[in-house]
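have a look at this prediction, sequence included:
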Amino acid sequence: DNPGVVSYGANEESFRQTGLMQAAGKYYRNIGTDALSVPFNPEYRQSVSVSKAILDADIVISLPKFKTHGLTVITGAIKNSYGMLPGAQKAQLHKAAGNPTRFHELIVDVFRIRIPDMFIVDAVVGMEGNGPASTELRNIGLILASDNAVALDGVIATMMGCDPAKLGFLRKAKALGLGDFDLDTTELIGELKRLPDFKLPPLGGEANIQNPIIQQMLQKPTELTPQVDPERCTGCGTCVDQCPASALSLVEQLPIVDPALCIRCFCCQEMCPEKAMALR
């Protein structure tokens, strides 16, 4: 994953503090250190930077958490692909979408960049209420898995007590032929467990739009720019070589960012061996 909001450019630290680094052991890989620019829906922006590790992988397994989201109602198999985007691109795209309806469509465009081959949802403990930062947890005790994101998200929505047909991103994904959320066409192994009195955010996405704290958190990362600490920088040029937007250049052995070219992926901060890049 590429962390979001307050953890942009801090993949390793996020994994360390949450215990994921210890759990992953030698298999941990920071996918935020190398990215490639790929064409995107020009309605939002001409291109986005995507973790190269995902584009290069033979098989991608997506591991969503069973939880709610103030803009998309649920965060499941499709929304989880937003983690392919390093840095503040997530916040920038939130801003470019402008409203919940367009954001529903946008996340399907991100999902289509590289559709994962398998989805395994952690529903042991889920989140209800006004996600994605809700403190209301729900013991569910399940692991869900599928090779089709649309069908899986349809099951998640149904479990939460939400009609999948009311979710814009699922309607768009179905229209594009990416799958079907209709339970009559979905092969289920095991019992579909509907969760009684599950707390959902408003279906219109107002929960995030009307929350000034969330909007402030989304706005701040789009204003940050990487700046070098000359005391720590060795002038190795690694950040310059790896920048997917070619926004960095060495001036007197120090990397300088061109704000007009910077796409706020913050790969330079992730991969700097001296940790000399700060976000200001």
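That came in fine, so what should we check first?

what about the helices in the stretch 1-150 of the chain?
Along the stretch 1-150 of the chain, counting by DSSP state H, counting those that start in this stretch, helices occupy 11-18, 20-24, 52-56, 89-97, 100-111, 149-160.

and those: which comes nearest Met127?
Evaluated over the helices of the stretch 1-150 of the chain, closeness to Met127 peaks at helix 149-160, with 10.3 Å, by CB to CB. To be clear about C-beta, it is placed using only N, CA and C from the backbone, and glycine gets the same treatment.

so for the closest one, mean pLDDT?
Average pLDDT, helix 149-160: 97.

CA atoms only: put that helix into PDB for me.
Written as PDB, here are the backbone C-alpha positions of helix 149-160 (Å, rounded to 0.1, in the frame of the first residue of the first chain):
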ATOM      1  CA  ALA A 149     -14.000  -7.100  -7.500                       C
ATOM      2  CA  VAL A 150     -17.500  -6.100  -8.600                       C
ATOM      3  CA  ALA A 151     -19.100  -9.300  -7.300                       C
ATOM      4  CA  LEU A 152     -17.100  -9.000  -4.100                       C
ATOM      5  CA  ASP A 153     -18.100  -5.400  -3.500                       C
ATOM      6  CA  GLY A 154     -21.700  -6.300  -4.100                       C
ATOM      7  CA  VAL A 155     -21.500  -8.900  -1.400                       C
ATOM      8  CA  ILE A 156     -19.800  -6.400   1.000                       C
ATOM      9  CA  ALA A 157     -22.500  -3.800   0.400                       C
ATOM     10  CA  THR A 158     -25.300  -6.400   0.900                       C
ATOM     11  CA  MET A 159     -23.700  -7.500   4.200                       C
ATOM     12  CA  MET A 160     -23.700  -3.900   5.300                       C
END
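
give me the angle between that helix and helix 100-111.
140 degrees (axes from the mean of the first three to the mean of the last three CA atoms, to 10 degrees).

run through who's touching helix 149-160.
Helix 149-160 is contacted by residues 62, 66, 68, 73-74, 76-78, 111, 115-116, 119, 121, 123, 128, 144-146, 163-164, 167, 169-170, 173-174, 178-183, 185-186, 188, 192-195, 198, 200 when judged by CB atoms under 8 Å, 6 or more residues apart in numbering.

narrow these to those in strands?
Within the contacts of helix 149-160, residues falling in strands by DSSP state E are Ser62, Thr68, Val73, Ile74, Phe119, Val121, Ala123, Leu144, Ala145, Ser146.

closest to Glu136 out of those residues?
Using CB to CB, these come closest to Glu136 at Thr68, 8.8 Å.

now do the nearest residue to the closest one once chain neighbours are set aside against Lys79, distance only.
Ranked by CB to CB, 6 or more residues apart in numbering and with sequence neighbours excluded, the top spatial neighbour of Thr68 is Gly131, at 3.5 Å. Applying CB to CB, to the nearest Å, the value for Gly131 to Lys79 is 11 Å.

common neighbours of these two, please.
Listed as contacting both Gly131 and Lys79 by CB under 8 Å, 6+ apart are His69.

can you give me the end-to-end span of stretch 83-96?
Length of stretch 83-96, first residue to last, CA to CA, to the nearest Å: 17 Å.

now do the contacts for Pro86.
Counting by CB under 8 Å, 6+ apart, Pro86 has contacts Asn2, Ile31, Gly32, Ala35, Ser49, Val50, Ser51, Cys265, Phe266, Cys267, Glu270.

pull out the buried residues from those.
Buried subset of the contacts of Pro86 (neighbour count, 16 or more other CB atoms under 10 Å): Asn2, Ile31, Gly32, Ala35, Ser49, Val50, Ser51, Cys265, Phe266, Cys267, Glu270.
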